[in-house]
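Engineer: predicted coordinates and the sequence they were generated for:
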Amino acid sequence: MNKIPRTNLSDIYSEREHTVQTKSTRSKNSFIQSLTVSPFATGLVVIIFVFVGFLVIGYIGYTVGIDNTRSISATAEMRELDLQVALANKDVDNGNYMLALERLEYVLNVSPNYPGAQKLFVDARSHVDVDLYDKDIDEPAEVFSYIDVSNSGELIENIRLNYKNKIWQDVIIDIEHLKLTGEDFDQDEINSILFVALRNRGIQSIESGDIELGLTDLEHAEQIVALDSVAEQRRRWASLYLYGATFWDINWKIVVDNLYILYQIAPNFRDTEIKLWQAYMEYGSEFLGVEEYCDAKDQFVFADNLRNDASLTNKLKQAIEGCDLELGNSTNGTQTE
C-alpha cells in the first residue's frame, strides 16, 4: 500500500520564509533604485545650489559695498562742513560777513546742530545790516532817499510816481524816454532813480526765473553805483546757475562744478538741488557708458546723498560692481608685475 507522502512543515515554513525574504530584498532593492538619481539630475541640483549661493554672496557684497560707500560719503560730507566752518571763521576775522553767512547757512541746512555754527552765524549776522539781510526781495530797500523832481516836466512826474509805487519797469522805460526828449534834468538825480529801478528789477527777475534779464539789469546798475551786498549776492548765485544751465547736455563736469558751488552757498536757490541731482545722474551715466565705473560710482553716490531714487539703485549697483572689478584687475596687475 502506497503511503501518502508527508509534508515536512519545517521545510514548508523555511521555504516560505526564504520566499518572503527574497521578495522583501527585491522590494528594498527596487525602492533604493527608485531613489537613485541620474548623474544629469545630480549635476543640475548642484548647479542650482551654486547659482543661488552666488546670488546670496553677490547681494551681501552689494549691500556691504553700499554701506561702505555711504559711510565714506558721510565722512567726506563732514569734512566739507568742517572746511566751511573754518572758512567762515576766517571770513568773520577778515570782515567778510556776508560770505561767512552764506557758508554757515549751508552748514546749518545740512547739520543744524553742528557745534559752534549757530553761535558763529549770530556773530556774523550782528555785523550785517539786518534790514538789508532780511529784506524781502519783492519789497527791496530803497537805496536812495526820495528825490525831489517837482520842477521837472510831466514825464519826470510819471517817473516820480512810478518810483514811489515801486513800478520799476515803468520807471526804467520812462527814464529811457526822458533821455531821448532832450529835456533838461538833473543827471545825478535821475541816475540815482535809475540805479534803484535797475537794481530792484534785476533781483526780482532773478527770483522769478528771468535770470539773463536780471543779470543784465544788475550789470547796468553797477555802471551807475557799486552794488550793495544783497544785489551782489544774488548776481553771484544767478551767474553760477546760468553757467550750469548754459553747459547742460554739453559738458557735465562744468555743470556739476558750478551747481555744486551754488549748492554749497545757496542750497535753496530756485531748483538748485534738483538740477544738481540730475547733473550727477547724467555725469555718472556718461562715465557708465564708457565703462569708467569708479568715476560713475562717485557721481551716483553724490546723487544718492542728495536724494534716494528708484532710478538710481540699478545704476549705482552696476557702477559698484564694475568698480570692484576694475580695482581687482588693477591689484592683480600690480601683483603680477
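Structural biologist: Thanks, I have it.
Engineer: show me where pLDDT drops low in this structure?
Structural biologist: For the chain, applying pLDDT under 70 flags the ranges 1-77, 109, 128-152, 329-337.
Engineer: domains of it?
Structural biologist: 60-128, 135-229, 247-328 (automatic domain parsing).
Engineer: out of these, which is closest to Trp237?
Structural biologist: Nearest of those to Trp237, taken as CB to CB: domain 247-328 at 5.0 Å. Any C-beta I mention is one placed from the backbone N, CA and C, and that applies to glycine too.
Engineer: now do the end-to-end distance for the closest one.
Structural biologist: By CA to CA, to the nearest Å, the extent of domain 247-328 from end to end equals 35 Å.
Engineer: now distance to Arg235 and mean neighbour count too, for the domains of the chain, in TSV please.
Structural biologist: Formatted as TSV, these follow (distance: least, CB to CB, whole Å; neighbours: other CB atoms under 10 Å):
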stretch	distance to Arg235	mean neighbour count
domain 60-128	13	15
domain 135-229	5	16
domain 247-328	12	17
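Engineer: do you know which of the ones you listed lies nearest Ser239?
Structural biologist: So among these, domain 135-229 is nearest, using CB to CB, at 6.7 Å.
Engineer: about what we covered before: next, format the domains of the chain as a markdown table and append distance to Tyr241.
Structural biologist: Output for those, formatted as a markdown table (distance: least, CB to CB, whole Å):
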| stretch | distance to Tyr241 |
| --- | --- |
| domain 60-128 | 15 |
| domain 135-229 | 6 |
| domain 247-328 | 6 |
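Engineer: next one: phi and psi at Asn94?
Structural biologist: The phi/psi pair for Asn94 (degrees, to the nearest 10) reads phi -90, psi 0.
Engineer: tell me the spacing between it and Ala117.
Structural biologist: The spacing between Asn94 and Ala117, counted by CB to CB, to the nearest Å, is 18 Å.
Engineer: before we move on, what about Ala100?
Structural biologist: With distances taken as CB to CB, Ala100 is found 11 Å from Ala117.
Engineer: now the common contact residues for the two.
Structural biologist: Contact criterion CB atoms under 8 Å, 6 or more residues apart in numbering; residues shared by Ala100 and Ala117: Ala88.
Engineer: shouldn't Arg201 be in contact with Lys166?
Structural biologist: No - counting by CB atoms under 8 Å, Arg201 does not reach Lys166; the two are 9.8 Å apart.
Engineer: that older thread, so for Leu240, which of the domains of the chain sits nearest?
Structural biologist: With CB to CB as the criterion, Leu240 lies closest to domain 247-328 of the domains of the chain, at 4.1 Å.
Engineer: quick one: the helices in the stretch 151-300 of the chain, in order.
Structural biologist: 154-164, 168-181, 187-208, 211-222, 229-246, 252-265, 272-289, 293-306 (DSSP state H, counting those that start in this stretch).
Engineer: so what's the residue nearest to Asp170 when sequence neighbours are not counted up against?
Structural biologist: Nearest non-adjacent residue to Asp170, counting by CB to CB, 6 or more residues apart in numbering: Asn162, 4.3 Å away. Residues counted as contacts of Asn162 (CB under 8 Å, 6+ apart) are Trp168, Asp170, Val171, Asp174.
Engineer: try Tyr280
Structural biologist: Per CB under 8 Å, 6+ apart, neighbours of Tyr280: Val256, Gln299, Phe300, Phe302, Ala303, Leu306.
Engineer: re earlier: which one of the domains of the chain lies closest to Ala238?
Structural biologist: Evaluated with CB to CB, the domains of the chain place domain 135-229 nearest to Ala238, the distance being 4.6 Å.
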